[in-house]
Each structure stands twice: as C-alpha cells, then as structure tokens.
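A.B. asks: here is a sequence together with a model predicted from it:
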Amino acid sequence: MKKLLLISTTLATIIASGQASAQDDAAMQKRLEAMQAQMEAMQREMKSLKEQLAQNKAQTTKIEKATNEIKAHKTPENDVKISMIPAPKFETADGAYSFKVGGFAQIDAGIFKDDRKDHPDGTNVRRARLNFSGTLAKDFKYKIENDFAGNSSTLTDVYLEYAGFKPTSITVGQFKEPFGLETLTSDTFTSFIERASTNLFSPDRKIGVMVSSYGTIDPLGAWTASLGGFGSGTSSTTSTDDESRDITGRITLAPIADKTQVIHFGVAGSHRIPDSSSDSFSFSSRAENQLSSASSDLAVNTGTISNVDSVNLLGLEAAGVYGPFSVQGEYVRAAVNRNSGVEPTFGGYYVEASYFLTGESRNYNASTGRFERTKPMWPLSVSEGSWGAWQVMARYSNLDLNDKTILGGQLKDTTFGIRWIPNNHTMITANYIMSNSDGNAVTPNDDPHIFLLRTQFDF
C-alpha cells in the first residue's frame, strides 16, 4: 500500500513537472517570437533610416554642387584690388585683368648766350602725356598714350603685347623700334634733359610687329634680343611719306647685371626703305634743346636727299655702373644707298658719365637691356633732414652730317648737368650746354651756350 502510494506520488510529480515545462516552453516560444518581431521591426526601421540618409546625402551633394556653381559665377566683393599710389590702378585678385592710369609732364625753361645767331629764350611744355595700360586675360598687355604738349594731340604708344610664350613676347601696334640705348630709355628716366644729338638717327616710334625675348647664358650673362618689321609712323628721322618700311633689330649682353654693378653691351641694326613716291630722307638736329620748333633754329641739316633706295643703320652701345658712378656711350653710322648720285655715310657718337652724390645707383633692367627709374634712398623730408637723390653728370657728343657732296654740318656739344630727385615721382634737372658747329651748319660756326632747366613729375 505504501509502495503504491509512493509510485502514485512520483507519477503525479512527473506529470506536474512536465506540464510546467510545457508551459515554460510555450512562454519561451512566445518571447522568442516577440523578440524576432521586434528585430524585424528594427531592421525595417534601420533600412528606412539608411534610405533616408542616402537621400539626404544626395540632396546635400546637389546643394553643395549648386553652391559651388554659384560661387564660381559670383564675383566676391573683395575680388578687385584698388591702389591709388601713385595713380589709380584696378586689378582682379588673380591678376588676370588690370587697368591703370598714368602719365607725366615736363616743363622746360631756357636761356641762350648767343654767338652768331639770335636764339629765342623761352619756356616750353616739352611733354604732357596721359596713358592707360593694363592686362587682359593674364597674357595680354596693352598701352595707349597721348601727348598733349605743343597745343596739339599726338598718339605716341598704342600697342598690344602677348606675353604667353614667356620669356618671348609679341608686340603689335605703334611703339619704339628696338634701336639705341638712350632712345629706348624712357623720357622720364634719362639723365640729361635732352638726348644726345646722335638720337636723330634712331627710327623711334613706328607701327609694326616685334618679337622680343630675354634670358641668361652662363658665363656670358643676361641677354635680350628684339626683331621687328615696321611701316608708317613718326620719328625725328622719318621719310617724307608714311609708307616707309623698316626692319630693325637689337641684341644686348650684360655680363654683370647686379643692383649696384652693371656692364652692358649692345648692337642694333636697321634697314630702312623710304616711300616709293618720294624716295627721300633727311637728317637734322638742334643743339640738344627743344625750346623752338622752327626749322631755322636747327643747328645742322642735310636737307632732302633724293633718289634714296635705302638707309642702313648700325648702332653700338656700352654702359657700366659701379655703385654711384656710371658711364654710357653710343656710336651710330648711317649709310645712304641711292639709285643715282653720291652715297654719303653719316655718323656720330656720345660719351657720358654721372655720379650720385647721395649714393644711389642707376637702375638697370636686364630683361629689357635699358635703364629705368632711380629711387632716392632718402626721399625729401625736411623734418627728418633728408634731401632726396643728387646726381652730377657730363656728356660730350659729336654729330657729323658732312660726307661727299652732302654738307649738312658738324655739331659738337659739351653738357654739364645736375639732377635732383626729391622722391620717386618728381625731378628737377639743370643742364649747361656749350655748342660748337662748323662752317657747313645752318648758321655757320655758331657756338651758343645754353642753360636749360626742367621740372618733371609722373604718376
């Protein structure tokens, strides 16, 4: 009986336990199913979030792209740089475009100590020029300049230069032909009031096209080379018709081209053909002053030389700078080739020396083979006791227009000068010229002395 009761109790316990286990399994299954449902819901939500993020990213990319496009087409307020020193200049931030206003004026006064001829004393606005220059699309440079002196209006420089082939450039328009160190030096940077009388041979400004380049060759130093073809234009030695044709070139070499030490050599040549209607040339010069424009005030003059086939020019130049001391000289030869008649050869030369009492040096540009602006080390300031730059100079020039039966005269000028440069953009120069001419001059054996004073400013 006891055994039966024990067995019954055990069976009941097992059955009860099985029923509990079955209930637990059912509960567990329900929990697992609930968790799975939650996980599936979370997966769906994550998928939705990923899709939303992808859409947001695509939208952000579109917005950024549109913003960049707007920025690319919009000009920022600070895209243009403006400078007013010493004149208005406008330039884009990348330097691709610029516009600048510039100019200069030279006011002269002169007194003659007459010899055989009565020369008029007087005053003169020698030059009064205004120009516009700048850059187009980074590689194009332009300049337009007009001279308002002498109660007239005359275009001087009008050209476009392409500099995209650096260091080679191509220039088209009206500008100076590449001939002569003193001729190519800017009117505002020459040491003396007027260029030497030999300048009459230089072709000066003509309309044409020119290719120029520069560089350095070891151990020879810095070099420049220019070659151009030119047509009509105006200069001191032009033919009597605008339809002239010139081929002109210049090569320079500077073995030393430091800030305070320079050695410069140059050679230039020009083949000049006059217009076919007149076939004529003439050469003339004053005693290195321009106080009068009258032809009667010329010192030497060949008159019109007819039946000219061509004129060949040869120019040699040299210069040196050693600290404040500098020397410079040129020789020019002009051979006239004629269809009939004698074929004269004219020539001339000058030598000059200068010294800066205040220690400055003449500023040489090796990439152009010419001298540029000299800036005073101590600009004028009365309160600080500085008085700008002071330069003394002397020059001798000899021009001979006599050969064969063409007797235009010989002119010899000796000039002493002093130049004061208060600041970078103003200058006062005084020259004393002792002129001497021969018996073939316009006024034979006329030897006046001339005192010239120039006030100059540029911007």
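C.D. replies: That came through, no problem.

A.B. asks: pass me the low-pLDDT residue ranges in the protein, would you?
C.D. replies: Along the chain, segments meeting pLDDT under 70 span 1-25, 66-78, 233-242.

A.B. asks: same thing but at 90, please
C.D. replies: 1-79, 150-152, 204, 232-244, 275-278, 292-297 (pLDDT under 90).

A.B. asks: max-length strand in it?
C.D. replies: Using DSSP state E to define each element, the chain has its longest strand at strand 406-423.

A.B. asks: elements contacting it?
C.D. replies: The helices and strands touching strand 406-423, judged by 3 or more Cβ pairs under 8 Å, 6 or more residues apart in numbering; DSSP states H and E, are strand 300-301, strand 389-403, strand 426-437. C-beta coordinates here come from the backbone N, C-alpha and C atoms, glycine included.

A.B. asks: just the ones you listed: most buried one?
C.D. replies: A comparison of the helices and strands packed on strand 406-423 by mean neighbour count, using mean count of other Cβ atoms under 10 Å, puts strand 300-301 on top with a mean of 22.

A.B. asks: helix or strand right after it?
C.D. replies: Using DSSP states H and E, the next helix or strand after strand 300-301 towards the C-terminus is strand 308-322.

A.B. asks: can you tell me the strand partners of that following strand and which way each runs?
C.D. replies: Sheet partners assigned to strand 308-322 using DSSP bridges are listed as strand 261-273 (antiparallel), strand 325-338 (antiparallel).

A.B. asks: the helices and strands packed on strand 406-423: which one's closest to Ala268?
C.D. replies: Proximity to Ala268, assessed across these by Cβ to Cβ, is greatest for strand 389-403 (17.6 Å).

A.B. asks: tell me what Arg454 is bridged to.
C.D. replies: According to DSSP bridges, the partner residues bridging Arg454 are Asp108, Thr429.

A.B. asks: contacting residues for it?
C.D. replies: Counting by Cβ atoms under 8 Å, 6 or more residues apart in numbering, Arg454 makes contact with 106-109, 126, 193, 427-430.

A.B. asks: what would the strands paired with strand 308-322 look like in a markdown table with distance to Ile170?
C.D. replies: Formatted as a markdown table, those follow (distance: least, Cβ to Cβ, whole Å):
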| stretch | distance to Ile170 |
| --- | --- |
| strand 261-273 | 19 |
| strand 325-338 | 27 |
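
A.B. asks: which of the ones you listed sits closest to Ser285?
C.D. replies: Nearest to Ser285 among these is strand 325-338; the distance by Cβ to Cβ comes to 11.8 Å.

A.B. asks: buried stuff in that closest one?
C.D. replies: Neighbour-count burial for strand 325-338 flags 326, 328-334, 336, 338 (criterion: 16 or more other Cβ atoms under 10 Å).

A.B. asks: where along the stretch 101-250 of the chain do the helices fall?
C.D. replies: Remark: helices assigned in the stretch 101-250 of the chain by DSSP state H, counting those that start in this stretch are 181-184.

A.B. asks: distance of Gly369 from Asp246?
C.D. replies: To Asp246, Gly369 is 19 Å away according to Cβ to Cβ, to the nearest Å.

A.B. asks: more crowded one of the two?
C.D. replies: Higher neighbour count among Gly369 and Asp246: Gly369, with 28 against 24, using other Cβ atoms under 10 Å.

A.B. asks: surely the more buried one touches Ala254?
C.D. replies: Yes. Gly369 lies in contact with Ala254 (Cβ atoms under 8 Å); the separation is 7.0 Å.

A.B. asks: overlap of the contact sets of these two?
C.D. replies: Residues touching both Gly369 and Ala254 (Cβ under 8 Å, 6+ apart): His264.

A.B. asks: quick check: angle from the helix or strand Leu452 falls within to strand 406-423?
C.D. replies: For Leu452, the host element (DSSP H and E) is strand 449-458. If you take axes from the mean of the first three to the mean of the last three Cα atoms, to 10 degrees, strand 449-458 sits at 50 degrees to strand 406-423.

A.B. asks: CA atoms only for strand 449-458, dumped as PDB, please.
C.D. replies: Provided in PDB are the C-alpha atoms of strand 449-458 (Å, rounded to 0.1, in the frame of the first residue of the first chain):
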ATOM      1  CA  HIS A 449      75.900 128.400 -74.800                       C
ATOM      2  CA  ILE A 450      72.500 127.200 -73.400                       C
ATOM      3  CA  PHE A 451      71.200 127.000 -69.900                       C
ATOM      4  CA  LEU A 452      68.200 124.600 -69.500                       C
ATOM      5  CA  LEU A 453      66.000 123.900 -66.500                       C
ATOM      6  CA  ARG A 454      63.400 121.200 -66.400                       C
ATOM      7  CA  THR A 455      60.700 120.400 -63.800                       C
ATOM      8  CA  GLN A 456      59.200 116.900 -64.100                       C
ATOM      9  CA  PHE A 457      56.600 114.800 -62.400                       C
ATOM     10  CA  ASP A 458      55.000 111.500 -63.300                       C
END
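
A.B. asks: so how far is it from its chain's centroid?
C.D. replies: A distance of 26 Å separates the centroid of the chain from that of strand 449-458, by Cα atoms, centre = their mean, to the nearest Å.

A.B. asks: how close does Ile144 get to Glu330?
C.D. replies: Taken as Cβ to Cβ, the span from Ile144 to Glu330 is 30 Å.

A.B. asks: hmm, I typed the wrong one, I wanted Asp438.
C.D. replies: 22 Å.

A.B. asks: what about Ala58, which SS state?
C.D. replies: Under DSSP: H, G, I helix; E, B strand; the rest coil, Ala58 falls in the helix class.
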